[in-house]
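Participant: build me a model:
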Amino acid sequence: MLTEERHQAILDLLQQQDVIKMKALCRLLDASESTIRRDLQLLEEQGLVTRIHGGAKRLNKLQVELGQIEKTSKNVHEKNEIAKFTASKIQLGCVIYLDAGTTTQAIIPYLTPEMNLTVVTNGVDTASLLADHHIQTYLLGGRVKNKTKAMVGAGALETLLQFQFNQAILGTNGVDQYSGLTTPDPEEATLKRFAIQQANQTMVLADHTKFDAVSFSKFAELTQVQLITDQLSRTTSNLSNTYRFTGGFIVIYTITANPSIDYVIQLEKLNTGNVNRVQSDVKLPGGKGVNVSRILAELALPSVALGFVGGFTGQFIQNKLNNASIDCRFTEVEEDTRINVKLKDSVEETEINGQGPHISAGTVDNLKQQLAKLEAGDIVFMSGSLPPNLPASFYKDLIPMIQAHNAEFVIDTTGQALLDTLAEKPLVIKPNHHELAELFDTQFANQGEIIAAGRKLLDKGAQHVLVSMAGDGALLITPDHAYLGGTPKGTVINSVGAW
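Facilitator: Model (predicted):
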C-alpha cells in the first residue's frame with residue numbers, strides 16, 4: 001500500500017471511531033509499527049489527527065456555542081437525571097455557586113426552601129427560577145450576554161470574588177482527556193475558573209454528548225473537579241480516581257488479594273521427567289479481580305484495581321494494567337507476587353499455581369484505607385483465592401466497611417465462606433454449577449434444579465445469583481426471572497478469565 005493510501009485509510013478509520021490503537025492500524029494496514037508511527041506524525045503535522053499514547057484520535061473541531069433556547073431542547077432526559085443526582089449531593093445550609101446553563105438550571109426543581117441554601121449565580125434565567133422556588137439568590141453584576149443570558153465581564157468577576165462557596169456547580173461545553181474542560185466564551189471561562197478557586201468542592205455536569213468535544217477556552221483540568229455525567233465513554237476509561245461518575249454512574253473497585261502472572265506454555269506433548277521444548281508462551285496478569293478490571297476496560301468502563309502485589313512480578317502486573325488504562329491502586333508487599341504456570345498440549349491442560357506472598361496486618365490496613373474512599377452506589381468486586389496467611393474470613397471482614405459507605409459488593413468465593421456472606425445481601429454471587437452443587441451436597445440433573453438451588457441462595461439474602469456452567473453457558477437468577485447465556489463455539493485458545 002502506498003503512503004498516500006495508508007494516510008487516507010487512517011483518516012477513514014478515524015471517521016468511523018474517535019480513537020484507534022497502533023496495533024489495530026498495523027494489523028488492518030499490514031504495516032510495521034515504525035511505519036504507522038511515521039504516518040501518524042506526518043498526519044499530525046498536517047493538522048489532520050492528534051497522536052495519543054499507543055495510537056491516534058480524531059482531530060476535534062472547535063464547537064460553536066448554541067443559544068439558550070436551542071440548548072434547552074437538547075438531551076432533556078439526561079440533563080434531568082444528572083440534575084436530580086447532583087441535587088442529592090448538595091450540602092444543607094451551604095453557599096453554592098450555580099453556573100448559568102441549561103444542565104445546571106435543571107437542578108432548581110429539586111431544591112427546596114427547607115434546604116436553607118444561599119445560591120450565587122451568573123445566569124439571569126437561573127436567578128429568576130431560583131426566586132420562583134423561594135431560594136435565597138444573589139445575581140452577579142456585569143454585562144448580560146445575549147445568547148446565553150449569562151452575566152459576564154469585569155463586573156461579574158468583581159462580584160464573584162466577594163464570595164466564598166462550599167460548592168460550585170458548573171456546566172461545560174467540552175470534556176476532553178487532553179484539552180480538559182472548555183467553553184466557547186473566554187469571559188465565561190474566566191468566571192468558571194475563579195468559581196473553582198473560590199469553592200471548597202466543584203462539580204461539573206456534562207451529558208455524554210460533551211465527551212471528546214473541545215471549545216475555544218479552557219477553564220479547568222479534569223483533575224480539578226468532580227465530573228457527573230449520564231454515561232461513560234472511551235474518553236473516561238483513562239481517567240484517574242479524581243473523577244466520580246455517579247448517579248447511576250458508579251465507581252467499580254476490584255479486589256484481587258492474590259494476583260498472579262499467568263505463564264501459559266504451549267507444548268506439542270507434555271513428557272514428565274524429560275526436557276520439553278516450548279512451542280509458544282505468553283505471560284498475562286492474572287487473578288479474578290484483575291480479570292474483571294481487564295474486561296471492564298475492554299468495555300470502556302473504568303475501574304479501580306485493588307489488592308496486594310510485590311517484587312518484579314507485581315511490577316509486571318501493574319505495568320500491564322497501566323498499559324490497558326486501568327487505574328491501579330495496589331498495596332505493595334515485600335515478597336514477590338506468585339506465578340501460575342499453565343502447561344498446554346494437544347490433549348490437556350495442567351496447572352501449577354503458586355501460593356502467594358505473606359500479607360502483614362499493616363498491609364491489610366493500607367487496603368482498607370483505599371476502601372474508605374467509597375461512596376454510595378459504588379460496587380466492590382471481591383474474588384479469587386487468598387494468600388496463605390490471610391484468614392478465610394478476609395472478604396467477609398471487609399463487608400461492614402463497604403456497607404458503611406452504602407456501597408454494594410459482588411463476591412466470587414466458595415463453600416462456607418460464600419454462605420457466610422449471604423446475610424449481608426451481596427449484589428451478585430457467582431458460584432459455578434459444581435460449587436453450587438457442593439453447597440447443597442447434591443448433583444444436578446438439569447437446569448431447572450440449578451435454578452431452584454440458586455433461588456435458595458436468593459432466599460438466604462443474595463440479590464442475584466450468577467451460575468457459570470463451563471461450555472453450557474451461564475444462568476443469571478433473579479427473584480423474578482432466570483436468564484440463560486450461551487457460549488461461543490470453537491477451539492479453546494486460553495481458559496484464563498473464561499467461564
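
Participant: please count neighbours and contacts with C-alpha atoms only from this point.
Facilitator: Noted.

Participant: secondary structure class for the residue lying closest to Ala324 once chain neighbours are set aside?
Facilitator: Once flanking residues are discounted, Ala324 sits nearest to Ala297: 7.0 Å by CA to CA, 6 or more residues apart in numbering. Per DSSP: H, G, I helix; E, B strand; the rest coil, the secondary structure class of Ala297 is helix.

Participant: run a quick neighbour tally on Ala297.
Facilitator: 20 (other CA atoms under 10 Å).

Participant: go on, Leu129?
Facilitator: Look at Leu129: counted by other CA under 10 Å, it has 16 neighbours.

Participant: helix/strand/coil for it?
Facilitator: State at Leu129, reduced to three classes by three-state DSSP: helix.

Participant: now it: how far from Thr104?
Facilitator: Distance from Leu129 to Thr104, counting by CA to CA, to the nearest Å: 12 Å.

Participant: same question for Val278.
Facilitator: Taking CA to CA, one finds Val278 at 61 Å from Thr104.

Participant: so those two - more neighbours on which side?
Facilitator: Neighbours were counted for Val278 and for Thr104 using other CA under 10 Å; Thr104 has more, 25 against 15.

Participant: now the more buried one: closest residue in space that isn't a chain neighbour?
Facilitator: Gly171 (6.2 Å).

Participant: which ones are touching the one you found?
Facilitator: Asp99, Ala100, Gly101, Thr103, Thr104, Val204, Leu205, Ala206 (CA atoms under 8 Å, 6 or more residues apart in numbering).

Participant: follow-up on the earlier one: what's near enough to touch the residue nearest to Ala324?
Facilitator: Neighbouring residues of Ala297 by CA under 8 Å, 6+ apart: Ser237, Ser303, Ala324, Ser325, Ile326.

Participant: among the residues you listed, which pair sits farthest apart?
Facilitator: Largest separation among those by CA to CA: Ser303 and Ala324, giving 11.3 Å.

Participant: what about those two, which has more around it?
Facilitator: Neighbour totals were compared for Ser303 and Ala324, and Ser303 leads with 28 against 15 (other CA under 10 Å).

Participant: read off the pLDDT value for that one.
Facilitator: On the pLDDT scale, Ser303 is placed at 85.

Participant: was I right to think it contacts Val290?
Facilitator: No. Applying CA atoms under 8 Å as the test, Ser303 and Val290 come out as separate, 10.1 Å apart.

Participant: so what sits against both of those two?
Facilitator: Counting by CA under 8 Å, 6+ apart, the residues touching both Ser303 and Val290 are Thr254.

Participant: circling back to that earlier point, would CSV of the contacts of Ala297 with distance to Tyr253 and secondary structure be doable?
Facilitator: Listed next are these as CSV, based on distance: CA to CA, whole Å; DSSP: H, G, I helix; E, B strand; the rest coil:
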residue, distance to Tyr253, secondary structure
Ser237, 14, helix
Ser303, 6, strand
Ala324, 16, coil
Ser325, 14, coil
Ile326, 11, coil
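
Participant: using a markdown table, lay out those together with distance to Glu4.
Facilitator: Formatted as a markdown table, the contacts of Ala297 follow (distance: CA to CA, whole Å):
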| residue | distance to Glu4 |
| --- | --- |
| Ser237 | 32 |
| Ser303 | 39 |
| Ala324 | 31 |
| Ser325 | 32 |
| Ile326 | 35 |
